[in-house]
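K.L.:
have a look; sequence and predicted model below, questions after that.
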Amino acid sequence: MRILRSTVNGEVVASPSKSYTHRAFVIGAMTGGKFEVFKPLASEDTEATLSALALMGAEIEKTNVSVKIGCPRLSSAKSAIDAKNSGTTLRLISGLAALQEGRSEITGDESLRKRPMKQLLNALRELGADCSGAGEEELPPIKIRGPMEGTSAKIAGNVSSQFISALLIACPMKKTPTKIKINGAMKSKSYIDISLHMLKRFRVEIDRTPNGFEMRGKQRPVGSKFEVPGDFSSASFLLCAAAITGGEVTVKGLNLSSPQGDAAVLEVLRRYGAEIDVGDNHVRCRGTEHNPFEFDVNDTPDLFPILSVLAATAKGESRLFGGEHLRFKESDRISTTVAMLENLGVTAEAMKDGCVIRGKGSIKGGNVDTETDHRIMMSATIAGLISEQGVLVNDESSFKISYPNFLEDVQKLGGIIQLVIR
């Protein structure tokens, strides 16, 4: 796939939030009744969560505008769960599996089978589940048998927020109360806030403590429906595209009232020099100046690749930091992001927790190997819009993991994308 220099202008509707969709499906199945999720994201990742829930006893019905979930009672999985490439599915479903008496097995694709689960499995074991994974780091496939009846567990805060979300969503359903101790500062805290926001919405009470969380047991979520909000993470690609190409893009369906950490992209775009207009249900970005910036990606690691492209088009040195946990995403995102930039003629230097980018105000272009990481693929595509020679990407499909309409939206706004026959 080749992306050519082009300016983007126009209006699109925000893609539904992947984070909220996953959580809505899982919490909906936990209500014990009929639950309807409106405007969910239909992607490979969220389909993996639905398939997992079906194997655990949920009945799934899809309509044009919603997914209906009926689940009187969850159970251990009838056969091995394939989480495909979805880390969120792997982690959240692990928590559900630890509530059940039978044994569940969860695996995934080649990339997912490289993602350590030891920290979460240790916490589940402390709570009474029988767990095992492959090798010292306990990689998938993992096996989990419940039920959890312990009352306390500890987990590191700097590895994966999804580990903590898995415990927060599952533990209130235990018969016993739970204390979770978080060791160290929490990374990707905004995703934990999303979990807490949704649990509160469905009357699950969780108290924050100085070093973690406490919750009573026997709390089943209460509710019958949820509408998924627009996703700032996906919208960031289009807003950054407007900023770097000097265009003007409006993304409808975005609301700052939801605790999405990736809304921080708006502040970064302002630092970069773009004009940002925020309405009740939209965000508009118009490209003007290209200023270098510094940004801490601790709470917003998914923004790292696209912000690196933004920085590459600035005139001067930019720095992205605070992202040690980026090493454990779909790829080692610090390495793959820096490799992408270097292959496009940008001077970039990897750091332990991010990178330094010395932008020249433009991107030369070149070839990008995405390592099938969807956020690298989408970032390279946006880079192609400002490239002098075009960008050739060896990946035409990984975007479907999180943003199925990505290429369609970019082309609708005027982006020039050509399929290359090999």
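P.N.:
Cool, the structure landed.
K.L.:
domain-wise, how is the protein divided?
P.N.:
Annotated domains of the chain cover 2-15+229-418, 18-227 [automatic domain parsing].
K.L.:
give me the mean pLDDT for the last one.
P.N.:
Yep, that's domain 18-227 we're talking about. Taken as a whole, domain 18-227 carries a mean pLDDT of 95.
K.L.:
heads up, I number from 39, so please use that
P.N.:
From this message on, residue numbering opens at 39, which makes the last subject domain 56-265.
K.L.:
in a strand, I207, correct?
P.N.:
No. Counting by DSSP: H, G, I helix; E, B strand; the rest coil, I207 is located in no strand; its state is helix.
K.L.:
in contact with K100, which residues?
P.N.:
K106 (C-beta atoms under 8 Å, 6 or more residues apart in numbering). For glycine as for every other residue, the C-beta is placed from the backbone atoms N, C-alpha and C.
K.L.:
give me phi/psi at it?
P.N.:
For K100, the backbone dihedrals (degrees, to the nearest 10) come out as phi -110, psi 140.
K.L.:
please tell me how far it sits from G360.
P.N.:
39 Å (C-beta to C-beta, to the nearest Å).
K.L.:
G250 now?
P.N.:
21 Å.
K.L.:
more crowded one of the two?
P.N.:
G250 (21 against 18; other C-beta atoms under 10 Å).
K.L.:
what's the distance between the residue nearest to E387 when sequence neighbours are not counted and S373?
P.N.:
Using C-beta to C-beta, 6 or more residues apart in numbering and skipping the chain neighbours, the partner closest in space to E387 is V394 (4.7 Å). V394 is 14 Å from S373, where distance means C-beta to C-beta.
K.L.:
higher neighbour count, the two?
P.N.:
Higher neighbour count among V394 and S373: V394, with 17 against 14, using other C-beta under 10 Å.
K.L.:
quick check: bridge partners of the more buried one?
P.N.:
R357, E387 (DSSP bridges).
K.L.:
so which helix or strand takes in the closest residue to I424 other than its chain neighbours?
P.N.:
Among residues not flanking I424 along the chain, I282 sits closest, at 4.7 Å (C-beta to C-beta, 6+ apart). For I282, the element it lies in under DSSP states H and E is helix 270-283.
K.L.:
any idea of the mean pLDDT in that helix?
P.N.:
Here the average pLDDT along helix 270-283 is 97.
K.L.:
then that helix to PDB, C-alphas only?
P.N.:
In PDB, the C-alpha atoms belonging to helix 270-283 read as follows (Å, rounded to 0.1, in the frame of the first residue of the first chain):
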ATOM      1  CA  PHE A 270     -10.200   9.800  20.900                       C
ATOM      2  CA  SER A 271      -7.500   7.300  20.300                       C
ATOM      3  CA  SER A 272      -8.700   6.600  16.700                       C
ATOM      4  CA  ALA A 273      -9.600  10.200  16.200                       C
ATOM      5  CA  SER A 274      -6.100  11.300  17.000                       C
ATOM      6  CA  PHE A 275      -4.900  10.000  13.600                       C
ATOM      7  CA  LEU A 276      -7.300  12.200  11.700                       C
ATOM      8  CA  LEU A 277      -6.700  15.200  13.800                       C
ATOM      9  CA  CYS A 278      -3.000  14.900  13.500                       C
ATOM     10  CA  ALA A 279      -3.400  14.400   9.700                       C
ATOM     11  CA  ALA A 280      -5.100  17.800   9.500                       C
ATOM     12  CA  ALA A 281      -2.400  19.400  11.600                       C
ATOM     13  CA  ILE A 282       0.600  18.200   9.600                       C
ATOM     14  CA  THR A 283      -1.000  18.700   6.100                       C
END
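K.L.:
buried residues in the helix or strand following that helix?
P.N.:
Where DSSP H and E defines the elements, the next helix or strand beyond helix 270-283 is strand 286-290. Residues of strand 286-290 classed as buried by neighbour count (16 or more other C-beta atoms under 10 Å): E286, V287, T288, V289.
K.L.:
ok, now stretch 279-299?
P.N.:
279-289, 291-293, 296-299.
K.L.:
next one: stretch 200-220
P.N.:
In stretch 200-220, counting by 16+ other C-beta under 10 Å, buried: 200-212, 214, 216-220.
K.L.:
now it, how far from the chain's geometric center?
P.N.:
Chain-centre distance of stretch 200-220: 20 Å, with C-alpha atoms, centre = their mean, to the nearest Å.
K.L.:
try stretch 396-404
P.N.:
27 Å.
K.L.:
distance between the ends of it?
P.N.:
Its first and final residues considered, stretch 396-404 spans 18 Å by C-alpha to C-alpha, to the nearest Å.
K.L.:
how about residues contacting it?
P.N.:
328, 330, 347, 349-356, 381-386, 421-422, 424-430.
K.L.:
all good on my end, thank you.
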